[in-house]
Structures are given as structure tokens and as C-alpha cells.
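A.B. asks: based on what follows, work out the 3D shape:
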Amino acid sequence: MKIQRNVLLLVLVIIGLMSCADNQIYFDIDEQSIKTCNGKAIRSLTVDEIEGDYLYRFAKGKDKEGTNSFSFISLDKNYTLEVMGQELPLSKFNLKPNSEYRIRNSTYGDAASGEIKVKTNGDGEIATADITSCK
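C.D. replies: Residues are numbered from 1 along each chain as shown. Down below sits the predicted model:
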């Protein structure tokens, strides 16, 4: 009886560990894209200016298919853009020149959000990122 209970407990722990996912992301400078390390589609990304007041949120649209690579050059139309809680056209997204941003992925609610920091150049393109590959 005790052995069966221990086996059941072990099975439950294994299932619990397998169900956890991560939100780790990185930035591909050449492609100007956020990419997931687990290959799963991005559900939600926030982009906030570190020393400013800009806060963007991209969310996968209802009944839309997400992607595991989110381009900042050609924004995916399956995502919506929100600024301070108000939905805006994707064309309104732009990063300020010579600024620093924090990008967070919260695809899986039961895992810590993935986070990277990026800096833009004088043209507002991302020039550097603190995470450029999966660990």
C-alpha cells in the first residue's frame, strides 16, 4: 500500500514537471526578431522603454495562429497592438532612437516571464541585445 502511494506520488511529480514550460526568448539582431527557445508560439509580448513611458503589448488575436519568431520589421497581422490598454493599428509601433527597452514574453502563465533588454541605434532599430541565443 505504501509502495503504491509512493509510486503514485512520483508519477504526479513527473507529470507536474513535464507540464511546466518556459518563456525564455532571445533577440536575433540580423533578423530583428524575438524568438522563443522552446519553439512554442508567442502568446503575449510586452515592450517597455526602460527610462521612459512607452509600453507596448502585442497579443495573439483570438482564434489566430501565433508564431515562435516575432519580427519587428514586418509585424505579424495575427497579433494585436495595445498601448496603455488601447488597441492601435500595428503601423503605430515604433521604437525611439537611442533608447533602451525591456521585452517580456509571457506565453506560459505558470512560468517566469522571459525577459531581454535591447538598445536601439539612431534609426530606432535594435542594435544590441543582452540575450542573442538560447542558453
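
A.B. asks: spatially nearest residue to Arg57 (excluding sequence neighbours)?
C.D. replies: When the adjacent residues along the chain are set aside, Arg57 lies closest to Glu82, with 4.4 Å between them (C-beta to C-beta, 6 or more residues apart in numbering). Where you see a C-beta, it was placed from the backbone N, CA and C, and this is true even at glycine.

A.B. asks: what's the helix or strand for the one you found?
C.D. replies: Using DSSP states H and E, Glu82 sits in strand 79-83.

A.B. asks: returning to that earlier point: the residue nearest to Arg57 contacts Leu88, correct?
C.D. replies: Yes: under the criterion of C-beta atoms under 8 Å, Glu82 makes contact with Leu88 at 7.1 Å.

A.B. asks: got the contact list for the strand holding Glu82?
C.D. replies: 54-61, 64, 66, 70, 75, 87-90, 92-93 (C-beta atoms under 8 Å, 6 or more residues apart in numbering).

A.B. asks: following the host helix or strand of Ile34, which helix or strand comes up?
C.D. replies: Ile34 belongs to strand 33-36 when assigned by DSSP H and E. Beyond strand 33-36 in the direction of the C-terminus, DSSP H and E gives the next helix or strand as strand 44-49.

A.B. asks: just checking, what packs against that next one?
C.D. replies: Strand 44-49 sits against strand 55-60, strand 100-105, with contacts defined as 3 or more C-beta pairs under 8 Å, 6 or more residues apart in numbering; DSSP states H and E.
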